[in-house]
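S.K.: model the structure of this input:
(chains A and B)
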Amino acid sequence: DGGITQSPKYLFRKEGQNVTLSCEQNLNHDAMYWYRQDPGQGLRLIYYSQIVNDFQKGDIAEGYSVSREKKESFPLTVTSAQKNPTAFYLCASSIRAGNSYNEQFFGPGTRLTVL
Amino acid sequence: QKEVEQNSGPLSVPEGAIASLNCTYSDRVSQSFFWYRQYSGKSPELIMSIYSNGDKEDGRFTAQLNKASQYVSLLIRDSQPSDSATYLCAVIKAAGNKLTFGGGTRVLVKP
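M.R.: All right, here's what the predicted structure looks like:
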């Protein structure tokens, strides 16, 4: 089965803890992305990576960190510096076409709650 | 002004009718445009992509792009209760490859 997997589906974090969300894809896509979605709102970009060992900050990177050691994996760490981490976290990937990365496909998401 | 704007709704349509959703964007050089459907509690699903002016049809869905007026729309013909969802408009600017999303329009199809 080709696709994007995210784990865990639900995650609970105590204040002051770092937690890592997993994202794996077997689509051979070049680029991967992390978004955050708050209730009733659209998606906001946290980080993205177009090639292995390289990544860029999105619009709301503060309090988050990522790594891209393998093409198929792009984990996101929510650090204790992120003051309001409760949200729905979505990972996406896209293939490169020329100099563009177009259609993005999403994983099932991880719902993070701070206790 | 938000980069991508949508009416939040809800847009209520009777079953069998046409649902018409609109999206405007601020960056004139935007190149690629997408519509995603998101059911409550689920992740977005890509339903349409459009890159050039005019209409693009796929089944009951038609996307319309007008770059001069900076809007993209989505028509859902013969609306079904299963079409009840939030529809997200997304745009890629020419200068980068980041996807910028609108806030979404909630559609309710009533039997």
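S.K.: just checking, residue B:10 touches residue B:110?
M.R.: No. Residue B:10 is not in contact with residue B:110 according to CB atoms under 8 Å; the separation is 10.5 Å. Glycine gets a C-beta too; all of them are placed from N, C-alpha and C.
S.K.: which secondary element of chain A has the worst mean pLDDT?
M.R.: strand A:100-101 (a mean of 68; mean pLDDT, DSSP states H and E).
S.K.: so does the helix or strand just after that strand get close to chain B?
M.R.: Downstream of strand A:100-101, the next assigned helix or strand under DSSP states H and E is strand A:105-106. Yes. Contact of strand A:105-106 with chain B (CB under 8 Å from any CB of the partner chain) involves A:105-106.
S.K.: parallel or antiparallel, which strands does strand A:105-106 pair with?
M.R.: strand A:87-94 (antiparallel) (DSSP bridges).
S.K.: need the contact partners of the strand it pairs with.
M.R.: Applying CB atoms under 8 Å, 6 or more residues apart in numbering or on different chains, the contact partners of strand A:87-94 are A:4, A:6, A:21, A:23, A:25, A:27, A:29-38, A:43, A:74, A:76, A:78, A:101-107, A:109-112, B:43-44, B:97, B:99.
S.K.: could you pull out the strands for the chain?
M.R.: Reading this off chain A. Using DSSP state E, the strands of chain A run over residues A:4-7, A:10-13, A:19-25, A:31-37, A:43-51, A:54-57, A:64-66, A:76-78, A:87-94, A:96-97, A:100-101, A:105-106, A:110-114.
S.K.: other chain: chain B
M.R.: With strands called from DSSP E, chain B shows them at B:4-6, B:11-14, B:19-25, B:32-38, B:45-50, B:54-58, B:61-66, B:71-76, B:85-92, B:99-101, B:105-110.
S.K.: which one of the ones you listed lies nearest to chain A?
M.R.: strand B:99-101 (4.0 Å; CB to the nearest CB).
S.K.: could you list the residues in contact with the closest one?
M.R.: Residues outside strand B:99-101 that contact it (CB under 8 Å, 6+ apart): A:33, A:42-45, A:92, A:104, B:3-4, B:25, B:34, B:88-93.
S.K.: one more pass at 10 Å, please.
M.R.: For strand B:99-101, contacts defined as CB atoms under 10 Å, 6 or more residues apart in numbering or on different chains pick out A:33, A:35, A:37, A:41-45, A:48, A:58-59, A:92, A:94, A:101-104, B:2-4, B:6, B:23, B:25-27, B:30, B:32, B:34, B:36, B:44, B:88-93.
S.K.: that one pairs with which strands, parallel or anti?
M.R.: Paired with strand B:99-101 in the same sheet, following DSSP bridges, are strand B:85-92 (antiparallel).
S.K.: what's the angle between the strand it pairs with and strand B:32-38?
M.R.: 160 degrees (axes from the mean of the first three to the mean of the last three CA atoms, to 10 degrees).
S.K.: how about strand B:85-92 as PDB, C-alpha atoms only?
M.R.: Provided in PDB are the C-alpha atoms of strand B:85-92 (Å, rounded to 0.1, in the frame of the first residue of the first chain):
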ATOM      1  CA  ALA B  85     -17.600  18.700   4.500                       C
ATOM      2  CA  THR B  86     -15.200  21.700   4.700                       C
ATOM      3  CA  TYR B  87     -13.700  22.700   1.400                       C
ATOM      4  CA  LEU B  88     -10.200  24.200   1.500                       C
ATOM      5  CA  CYS B  89      -8.800  26.400  -1.300                       C
ATOM      6  CA  ALA B  90      -5.000  26.400  -1.600                       C
ATOM      7  CA  VAL B  91      -2.600  28.400  -3.700                       C
ATOM      8  CA  ILE B  92       1.100  28.000  -4.700                       C
END
